[in-house]
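> Can you look at this prediction? I've put the sequence above it.
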Protein chains: 2
Amino acid sequence: MTTLIPVPLPHQSYCIAIRAGSRLALPQLLAEHTPLRPNAPALIVSNPQIWRHYGCAIQAVLEEHGWQVTPCVLPAGERYKTLKTLQKIYDAALAQRLERGSTLFALGGGVIGDMTGFAAATWLRGIAVVQIPTSLLAMVDAAIGGKTGVNHPQGKNLIGAFHQPRLVVVDPEVLATLPPREFRAGMAEVIKYGVIWDPQLFELLQSLPRLDRISALSVDQLASILQHSCQAKVDVVSKDEREAGLRAILNYGHTIGHALESMGQYRVFNHGEAVAVGMVAAGELAIALGYWSETEAAAQRQLIHKANLPTTIPSQFDVHGLVALLQHDKKVHSQKVRFILPTAIGHAEIVEQVPSELILATLKTLQR
Amino acid sequence: MTTLIPVPLPHQSYCIAIRAGSRLALPQLLAEHTPLRPNAPALIVSNPQIWRHYGCAIQAVLEEHGWQVTPCVLPAGERYKTLKTLQKIYDAALAQRLERGSTLFALGGGVIGDMTGFAAATWLRGIAVVQIPTSLLAMVDAAIGGKTGVNHPQGKNLIGAFHQPRLVVVDPEVLATLPPREFRAGMAEVIKYGVIWDPQLFELLQSLPRLDRISALSVDQLASILQHSCQAKVDVVSKDEREAGLRAILNYGHTIGHALESMGQYRVFNHGEAVAVGMVAAGELAIALGYWSETEAAAQRQLIHKANLPTTIPSQFDVHGLVALLQHDKKVHSQKVRFILPTAIGHAEIVEQVPSELILATLKTLQR
């Protein structure tokens, strides 16, 4: 019934539980798969919309099982992923007298997950966090791997810590209320896993008629997509917890993606849309540098189309400015840009020092 | 010449280098004892006074050896150990384009060390930090063990992370400019190590005529005090990196100490002074509960006197309020207070649930 994906890590392992309705089985999942027990106060951190849909029912089942849990509802949106909003979690932690044995439950998308994870990483120098992702993006990416953090006014995720969750509860049912644009954004990361890691997932996506809305997928198809995607992320992060090497391939599409998000001030593109364009761009670079075949790049582009995700850069974007932004990316090593480029479906490589002129030329060809 | 104390830890070991003038040998120490190399921009975080005395010379020797290092000078004092001041380190990190291979140098007392360590723990999810403590307290305590953090408006060190330094450089010469009151405060922690861990250190302190100012100590005596104290801290933290058990004994004197600091709004007592009174109080509790002998408690009190540190609670302090404050201490487990009590010189134990009435009665006897 429940698909359990173990995440083996040297210091502290945990698992991802995937099942329709799993959010309401949270107390049992905690009892069976974590050392966490309801003997210290806990917080559920969420945003107003998610809380309205799912919060009270989750709080109720936790309380039925003896958990003393208080909601901490934060404003929704990436622009609130700041030290200032984080302070509200700290204030709630203090008000509820959280202890070292306390737990933070993150009920929401990537913003809630990242902030709650960082609050858990830094309150009393580290308490437990359980991730209950409610967006496709968070389910297949943000909630897994232990990256937590907030944004600096001048850059995303510059302030953060690695802090592994004790449990990730993936409940496909909650995707029913996800806005379609956010569903598509999550699909960008799903496609990414197909390209860089899992040829089976890529084939599955090719076999489906539509990828742009949840209602076009059967329950089984959605479950299969979630399992493959979570497993791909786990495969990579469990081999490289602290991003020493392999984990970098997860940044496929993200180098240019981050620059696009930033230049559009996070309003033109959401994260997944920016990554979609970033994957198209990286694909073109890979072809130009002789790493990848045009056929496979075309297949990638087709999936992105099928998910109704963008594949071009708006004409008003300054492509020289985009290249300059790449220099600010935190993944820069000694001021040199590096890219993750696909070499075959299911495989990608880290390529250092892609020439700026080539990046510029590629971005220009994508502009409409 | 240089005393090296290795700090063996499961994930990343480092060492403490103790030597007169070691601050100016920093580039050599980095080259010999760390993997850090001058190929990424670095920051030296300090406060105005310390920077004036020592900053430029250290920056100069680093630059001579190829380090590109920029000062980040923050206001001095515990009241600036906040998220807001931390933001200034982040801003400098962004302005200097720090990379994952960059280093933060913390040149200052405990406040600078804790904030810089926390900034290093959280910038780009963790970069290297080198501690160059300039107060006796920071040398023997704060700089060692990886505890980093800032204060919440309503509680000390509630926001933080464990982040081990790559090197700790202890230079006794810089104690020459330490205000006498701060020297005495550091001596409180030195006495603590004698009581809870190192009988030899306790005897050394007993043999010295004065402990209240640096000029009363020979270079050798000071070196011996630093070595014994650092080794005591290392012994404990290397056995228990994350404060699961043993490390708690380092909180000897701190349970009541924190409450005293807090009630005096960090103005009546500094940290060491509060710990001194806290040790006297814990000693009295230990006698009352039959853990400790009156003779040894008297010997402890004598050392505290000799360091010209307080042993009593001012009459204007509300002792009932102090007991209430203990309930807010983050070391509370499920609302129960615990104490670290000495059982013999060089040994202490964790005692759960000391009765509130006994604490109250003991605090009353210490009031003048």
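That came through fine.

> so where is chain A shaky, pLDDT-wise?
For chain A, the stretches flagged by pLDDT under 70 are A:241-244, A:328-336.

> For residue A:184, give me its contacts.
The neighbourhood of residue A:184, defined by Cβ atoms under 8 Å, 6 or more residues apart in numbering or on different chains, consists of A:211-213, A:272-273, A:307-309. C-beta: built from backbone N, CA, C; applies to glycine.

> Which positions in the stretch 51-200 of chain A make contact with chain B?
Residues of the stretch 51-200 of chain A lying near chain B by Cβ under 8 Å from any Cβ of the partner chain: A:83, A:87, A:90, A:93-94, A:97, A:99-101, A:118, A:121-126, A:147, A:149, A:152, A:154-155, A:157-162.

> Swap in 7 Å and give it another go.
Contact residues, the stretch 51-200 of chain A versus chain B (Cβ under 7 Å from any Cβ of the partner chain): A:83, A:87, A:90, A:94, A:99, A:121-126, A:147, A:149, A:152, A:154-155, A:158-162.

> buried subset of these?
Buried by 16 or more other Cβ atoms under 10 Å in any protein chain shown: A:83, A:87, A:90, A:94, A:99, A:121-126, A:147, A:149, A:152, A:155, A:158-162, out of those.

> Considering the contacts of residue A:184, which possesses the most neighbours?
Neighbour counts for these, by other Cβ atoms under 10 Å in any protein chain shown, peak at residue A:272, which reaches 28 neighbours.

> which helices and strands does whichever strand or helix holds it pack with?
Following DSSP states H and E, one finds residue A:272 within helix A:271-288. In terms of contacts (3 or more Cβ pairs under 7 Å, 6 or more residues apart in numbering or on different chains; DSSP states H and E), helix A:271-288 is packed against helix A:180-196, helix A:254-263, helix A:294-306, strand A:338-344, helix A:356-365.

> what angle sits between the fourth one and helix A:254-263?
Computed with axes from the mean of the first three to the mean of the last three Cα atoms, to 10 degrees, the direction of strand A:338-344 lies at 130 degrees from that of helix A:254-263.

> Next, the angle helix A:180-196 makes with whichever helix or strand comes after strand A:338-344.
Downstream of strand A:338-344, the first helix or strand assigned by DSSP H and E is strand A:347-352. Going by the same axes, to 10 degrees, strand A:347-352 is angled at 90 degrees with respect to helix A:180-196.

> May I see the buried residues of strand A:347-352?
A:348-349, A:351.

> Give me the three-state assignment for residue A:268.
coil (DSSP: H, G, I helix; E, B strand; the rest coil).

> In contact with it: list those residues for me.
With contacts defined as Cβ atoms under 7 Å, 6 or more residues apart in numbering or on different chains, residue A:268 is in contact with residue A:314.

> Quickly note the distance from it to residue A:307.
As for residue A:268, its distance to residue A:307 is 18 Å (criterion: Cβ to Cβ, to the nearest Å).

> Out of the helices and strands packed on helix A:271-288, the one nearest residue B:260 is which?
Minimum separation from residue B:260 across these (Cβ to Cβ) falls at helix A:254-263, 48.4 Å.

> Which other helices and strands does that closest one contact?
Here helix A:254-263 is seen to pack against helix A:271-288, helix A:319-326 when contacts are counted using 3+ Cβ pairs under 7 Å, 6+ apart.

> and the closest residue in space to residue A:358 that isn't next to it in sequence, how many residues sit next to it?
Once flanking residues are discounted, residue A:358 sits nearest to residue A:288: 6.0 Å by Cβ to Cβ, 6 or more residues apart in numbering or on different chains. When neighbours are defined as other Cβ under 10 Å, residue A:288 has 17 of them.

> cool, and residue A:68?
Neighbour tally, residue A:68, other Cβ under 10 Å: 13.

> Can you show me the helices along chain A?
Assigned by DSSP state H, chain A shows helices spanning A:26-33, A:48-50, A:56-64, A:83-95, A:110-122, A:136-137, A:180-196, A:199-207, A:219-239, A:254-263, A:271-288, A:294-306, A:319-326, A:356-365.

> beta partners of residue A:128?
Residue A:128 has these beta-bridge partners by DSSP bridges: residue A:103.

> ok, it - contacts?
A:36, A:103, A:120, A:166.

> Could you do residue A:85 as well?
Contact partners of residue A:85, counting by Cβ under 7 Å, 6+ apart, are A:74, A:115.

> go with 10 Å
A:74-75, A:77, A:79, A:111-112, A:115, A:119, A:150-151 (Cβ atoms under 10 Å, 6 or more residues apart in numbering or on different chains).
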